[in-house]
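Visitor: with the sequence up front, the predicted model follows.
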Amino acid sequence: MEKECGWKNLNENEKNSILDFNEGYIKFLNSSKTERLANMFIVNELESKGFVNLNNLEVLNKGDKVYFNNRGKSVFAAIIGENKLVDGVNLIGAHIDSPRLDLKPNPLYEDANLALFKTHYYGGIKKYQWTTIPLAIHGVVVKPTGEKISISIGEDETDPVFTITDLLPHLAVNQSDKKLRDAIEGESLNLLVGSIPNNEEKESIKKNILNILKGKYGIEECDFVSSELEIVPAFKARSLGFDRSMVAGYGQDDRVCSYATLEAITSCSSSGYTQIAIFADKEEIGSVGNTGMYSDTFDLFITDLLNKVGENEVGAINKLYCNSRMLSADVGAGVDPNYQDVSEKNNASYIGYGIELNKYTGSRGKSGASDANAEFVGFVRGVFEKNNVKYQVSELGKVDIGGGGTIAYILANKGIDVLDCGVPVISMHSPYEVTSKYDVYTAYKAYKSFYESNDKVRY
Ligand code: MN
Ligand code: MN
């Protein structure tokens, strides 16, 4: 069980493959800061690699590549294999939503001679991390007519950015005495958006902002009601360290495993099994809603595949699930040198040491866990060892200290064999997460070899 750093004993070729792969990954991060933008990138990439919209096909044949775009927020993709679908599929599932701040439905107000937006945070954030950094706005505003206006401000060097202010240390005596989680309140995460008044008397800065929005985007104040505008860090993902060995950037949970899955399904050779990828939404708030994995939309996708290959008998979908194998491709916690005491060293992941396998997730006495069967963990080890994929086994942290989950249990509940398998991250859920380029590339290799596996799980 001696762990070894992945960068050791690499030849020049391998090292270059890793660095090249991560150039593509960094581009993906920078153009996919929301689930809608990631969805767009993924659908474009799938189409460029020969995948077609499942809705446009009546019949499916072996080798066909299809995707299903669920409302522009989640994507399923499949390559039809030689075997019957009811014999099971090789499935990998990641999520494309990340913690962020959403605008409230009625966001714009003026206070103390400045204009601001009210926000409502999405997912588990440490609120203080979102103050005094440059922020961008992405999303859509939908008119009652159905007209959709896309908004993206803060990425281009010539764009303005936005920010959430924080108290100067000179006057922060009371704030500094508070607990970390109470020092910044949800209702003080207000985004600074303007300061020039127009000529009217009352709320004239707010009115000036509304004039700008009307002129530039054709948006009225009431249109915010039917909008989804997301506040994300405006800074770019980049190489980190003198040796350029790491990636620092926003949204790596879980766009890192999403990218590795996308690259794996668009480059894998066929195994006998049908190969399927999930790019889910809403994981960070419990996989709820019709774009989250609790939705029956995935069943609909599978049923559609079954119908179109001509395997549409009663109970076929359950049979397919019970014969299927899945990697839940989501990130884990890498050991942070500054906070080592939350990790139990013998069962912790280090960045740069390969992809991590989490037999189970959950918290305390495995509450809410997805716990993979030993037979399936053995199977996955077999696939990785055969393909020289470096892996480490871990838990999120010490037993009593916290916990977490992924989409794994939702698919496991359907009857699928599922194992959590992803990239270790430092500063997870912060605006600037850290991964190792070695692990990003190893995730791609791991997922590709899983897709290509033709072995059987032995019970
Ligand atoms: Mn995640
Ligand atoms: Mn997360």
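Guide: Cool, the structure landed. Numbering: from 1, shown residues only. Ligands and ions are numbered 1, 2, ... in the order given.
Visitor: who's in contact with residue 277?
Guide: Applying CB atoms under 8 Å, 6 or more residues apart in numbering to residue 277 gives the contacts 75, 76, 77, 78, 91, 92, 93, 94, 261, 262, 264, 265. Using the backbone N, CA and C atoms, a C-beta is placed for each residue, glycine as well.
Visitor: how about the last one: what's its closest non-neighbour residue?
Guide: Nearest non-adjacent residue to residue 265, counting by CB to CB, 6 or more residues apart in numbering: residue 277, 4.5 Å away.
Visitor: so which of the contacts of residue 277 are in strands?
Guide: Of these, the ones assigned to strands by DSSP state E are 75, 76, 77, 78, 91, 92, 93, 94.
Visitor: please list the residues of the stretch 301-450 of the chain that sit near ligand 1.
Guide: Applying CB under 5 Å from the ion, we find that the stretch 301-450 of the chain lies next to ligand 1 at residue 330.
Visitor: any low-confidence regions in the stretch 301-450 of the chain?
Guide: Applying pLDDT under 70 to the stretch 301-450 of the chain flags no residue at all.
Visitor: on that earlier part again, okay, the ones in strands among the contacts of residue 277 in JSON lines with distance to ligand 1 next?
Guide: Shown next, in JSON lines, are those (distance: CB to the ion, whole Å):
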{"residue": "75", "distance to ligand 1": "16"}
{"residue": "76", "distance to ligand 1": "18"}
{"residue": "77", "distance to ligand 1": "19"}
{"residue": "78", "distance to ligand 1": "23"}
{"residue": "91", "distance to ligand 1": "17"}
{"residue": "92", "distance to ligand 1": "14"}
{"residue": "93", "distance to ligand 1": "11"}
{"residue": "94", "distance to ligand 1": "8"}
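Visitor: could you report the neighbour count for residue 107?
Guide: The number of residues packed near residue 107 is 19, by other CB atoms under 10 Å.
Visitor: assign a three-state SS to it, would you?
Guide: Under DSSP: H, G, I helix; E, B strand; the rest coil, the three-state class of residue 107 is strand.
Visitor: for ligand 1, see how far away it is.
Guide: According to CB to the ion, to the nearest Å, residue 107 and ligand 1 sit 27 Å apart.
Visitor: ignoring the adjacent residues along the chain, who's closest to that residue?
Guide: Closest residue to residue 107 apart from its sequence neighbours, by CB to CB, 6+ apart: residue 117 at 4.1 Å.
Visitor: how near is the one you found to residue 219?
Guide: Noted for residue 117: a distance of 13 Å to residue 219, by CB to CB, to the nearest Å.
Visitor: neighbour-wise, which of the two wins?
Guide: residue 117 (24 against 18).
Visitor: the helix or strand harbouring the more buried one pairs with which strands, and in what direction?
Guide: For residue 117, the enclosing helix or strand under DSSP states H and E is strand 114-122. Next to strand 114-122 in the sheet, as set by DSSP bridges, lie strand 100-111 (antiparallel), strand 191-194 (antiparallel).
Visitor: reformat those as a markdown table; add mean pLDDT.
Guide: Shown next, in a markdown table, are the strands paired with strand 114-122 (pLDDT from 0 to 100):
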| stretch | mean pLDDT |
| --- | --- |
| strand 100-111 | 98 |
| strand 191-194 | 98 |
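Visitor: which one of these lies closest to residue 296?
Guide: Of all these, it is strand 100-111 that lies closest to residue 296, at 25.1 Å by CB to CB.
Visitor: and the contacts of that closest one?
Guide: Against strand 100-111 from outside (CB under 8 Å, 6+ apart): 34, 115-123, 125, 130, 135, 137, 139, 189, 191, 193, 203-206, 209-210, 221, 224-225, 227-232.
Visitor: one more time with 6 Å
Guide: By CB atoms under 6 Å, 6 or more residues apart in numbering, the list of residues contacting strand 100-111 from outside reads 117-122, 203, 205-206, 224-225, 229-232.
Visitor: from the contact counts, what lies against the helix or strand where residue 141 lies?
Guide: Using DSSP H and E, residue 141 sits within strand 135-142. If you count contacts as 3 or more CB pairs under 6 Å, 6 or more residues apart in numbering; DSSP states H and E, strand 135-142 packs onto strand 148-153, strand 227-233.
Visitor: just the helices in the chain please.
Guide: With DSSP state H as the criterion, the chain has helices at 12-31, 35-48, 173-177, 180-183, 204-217, 252-265, 297-309, 316-322, 374-386, 408-412, 437-452.
Visitor: comparing the ones you listed, which comes out most buried?
Guide: helix 252-265 (a mean of 28; mean count of other CB atoms under 10 Å).
Visitor: let's see the pLDDT reported for the closest residue to ligand 1 within the stretch 101-250 of the chain.
Guide: Ligand 1 sits closest to residue 123 of the stretch 101-250 of the chain, with a gap of 9.1 Å, by CB to the ion. We have a pLDDT of 97 for residue 123.
Visitor: let me know the outermost residue of the protein.
Guide: residue 201 (45.6 Å; CA atoms, centre = their mean).
Visitor: how near is it to residue 209?
Guide: From residue 201 to residue 209 the distance is 16 Å (CB to CB).
Visitor: one more: residue 60?
Guide: In terms of CB to CB, residue 60 sits 51 Å off from residue 209.
Visitor: now do residue 406
Guide: The spacing between residue 406 and residue 209, counted by CB to CB, is 40 Å.
Visitor: cool, and residue 340?
Guide: The value you get for residue 340 to residue 209, if CB to CB is used, is 46 Å.
Visitor: same question, residue 293
Guide: The gap separating residue 293 from residue 209 is 38 Å, by CB to CB.
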